Each structure stands twice: as structure tokens, then as C-alpha cells.
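S.K.: One predicted model, sequence on top.
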Amino acid sequence: MKNALITGANKSIGFETARQLLAKGYFVFLGSRDLANGESALRQLKSEGYNNVEVVQLDVCDQASVDKAAASLKSKIDHLDVLINNAGISGGLPQNATETAIDRFKSVFETNLFGVIRITQALVDLLKAAPRPRIVNVSSSMASLTLNSDPSWQYYHHKGAAYLSSKTALNMFTLNLAYELRDTNFKVNAVDPGFIATDFNNHRGTGSVEEAGKRIVKYATLAEDGPTGRFFSEEYNPETWEIPW
């Protein structure tokens, strides 16, 4: 059986992604910062008939929590097929480049970038033990430097200095990770789930969590000839999905 870990999996997009991977026959570990929230999500999935699922207490901002979660996983499985780095925060708005406090930048980067690095490095050996490991870093079209510099883009005026910067940095980490693993069976990609209605954006999004989950699962389950080191957004480019960096 293939194994997957999803960070921030107790609600919204992470939870729906877990549900869709379970439906495909994966054993899914639900990473949740708050164990009670994770157990609530676990009960919901089990009530739907999904039994190959377990909750893991995981705060990506806490190295001790990451190390404990990694040790727990390594005691239970000998390989990890899929890592989905989904946990993220917006940092709240507004985020003006000239006024946003450094502490807010640090907080957003701690989750959106450093958290991804922590858990990826902690689990890379388990991933290397899988025959065709996949890493999906959940990004945003708002991280695209190309689009953000184009006045004709529909979201051109929607800026957020801390959040957007953190996701752009995440994209560069994705590129470096994919490059380092280029001669292996890894597939490492950044994926924009779309403008999805969740509590992350006060439910102002236009898409559903089901759509978002499907987009992420597509890259978590890539075939052997699938792409790596790329940036995808179905919302921006529904034909080829690829989006400019």
C-alpha cells in the first residue's frame, strides 16, 4: 500500500486531499498542529468508511514536533510515497511592503517556507525508500513574479508583501529540491490549488475544496513520465496547467 503524509490535513483543502487519496487506496497520515482537531478529522473520515488513515501531531514551526512526527512515522512505515506540504498561513491583511512589521514576515515565512523545509528534510530518507516518491508544495499563482509584474493580470492589484514573498521563496525551494533530486525517481512540483472558498480567505474564493483536492492529487500521483520542477495552476492556465514563475 502507498503511504502519504499531508500537513495541515485536519480541515479545508488538506482534509479534502486526504479524502481523495484515501479513495485511491492510499494510507494517509493526517498532519495536524492541534491533535484534537486532527482526531476530529480522523473520526469524520472513518465515519465515511475510510479506515487506512491515522492522525499525526505535527507543528511544522516546531522542530521538536517535526522530529517526533518523523520518528513516529519511521517506526510504522518503511517508505513514504507522497508528501504534500499543505500547511500555510496568510498572515492577515493588509500587508503593505512599507509598513508590515518584520515579525509578521517572520511568522508567515516560519510556516510557509521554513516549515516545508523542516518536514521535507526530516522525511526525505523515507521518501527515498519509495519506488516513485512525489512531493507537492502547495503554492499560489499569487507567488508568480511574472504575473505580479503584469498590470493586465486580473489579480495585479491584490498584493500581500509577507504572504506572496513566502510563497515565491517556497517556489525557489521547490526548484532547488527538484534539481537536487533530478536523477532520481522523485517528482517535485509547486501546485496552485486555485482561489478556493475556505476559512483561509474568509470563504471569498470562487472554487471548491473538491476542485482543489483534485488538482493536488493529480501531482501527488504522477506517472513515471510526469513532470518535475514545475509550477502549475489550472485556474490560470486550464489547458496545460503550467504557470510562469
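M.R.: Cool, the structure landed. Numbers count the residues shown, from 1 in each chain.

S.K.: C-alpha only now, for contacts and for neighbours.
M.R.: Noted.

S.K.: For burial, what's the neighbour tally of Thr17?
M.R.: 27 (other CA atoms under 10 Å).

S.K.: Touching, it and Lys218? I think so.
M.R.: No: using CA atoms under 8 Å, Thr17 is not in contact with Lys218, being 10.2 Å away.

S.K.: Quick check: next helix or strand after the strand or helix carrying Leu164?
M.R.: If you go by DSSP states H and E, Leu164 is part of helix 161-180. On the C-terminal side of helix 161-180, the closest following helix or strand by DSSP H and E is strand 187-192.

S.K.: I'd like the distance between the residue positioned nearest the centre of the chain and Lys11.
M.R.: For the chain, the residue nearest the mean C-alpha position is Asn86 (2.5 Å; CA atoms, centre = their mean). For Asn86, the distance to Lys11 equals 11 Å [CA to CA, to the nearest Å].

S.K.: do Gly49 as well
M.R.: 18 Å.

S.K.: Output the below-cut-off pLDDT ranges for the protein.
M.R.: 196-207 (pLDDT under 70).

S.K.: just the helices in it please.
M.R.: Applying DSSP state H to the chain gives helices spanning 12-23, 35-47, 63-76, 102-109, 115-128, 145-148, 161-180, 209-220.

S.K.: and those as JSON lines, adding distance to Val56?
M.R.: Shown next, in JSON lines, are the helices of the chain (distance: least, CA to CA, whole Å):
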{"stretch": "helix 12-23", "distance to Val56": "13"}
{"stretch": "helix 35-47", "distance to Val56": "7"}
{"stretch": "helix 63-76", "distance to Val56": "6"}
{"stretch": "helix 102-109", "distance to Val56": "22"}
{"stretch": "helix 115-128", "distance to Val56": "13"}
{"stretch": "helix 145-148", "distance to Val56": "35"}
{"stretch": "helix 161-180", "distance to Val56": "23"}
{"stretch": "helix 209-220", "distance to Val56": "19"}
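
S.K.: wait, which of those helices is closest to Tyr236?
M.R.: helix 145-148 (10.0 Å; CA to CA).

S.K.: Just the CA trace of the closest one, in CSV.
M.R.: Extracted in CSV, the C-alpha atoms of helix 145-148 (Å, rounded to 0.1, in the frame of the first residue of the first chain):
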residue,chain,number,x,y,z
LEU,A,145,6.8,37.1,-10.2
THR,A,146,5.8,37.2,-13.9
LEU,A,147,2.1,37.7,-13.2
ASN,A,148,2.6,40.1,-10.3
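
S.K.: Identify all contacting residues around it.
M.R.: 141-142, 153, 155-156, 168, 244-245 (CA atoms under 8 Å, 6 or more residues apart in numbering).

S.K.: Now the buried members of the residues you listed.
M.R.: Using 16 or more other CA atoms under 10 Å as the burial test, the contacts of helix 145-148 include 141-142, 168, 245 as buried.
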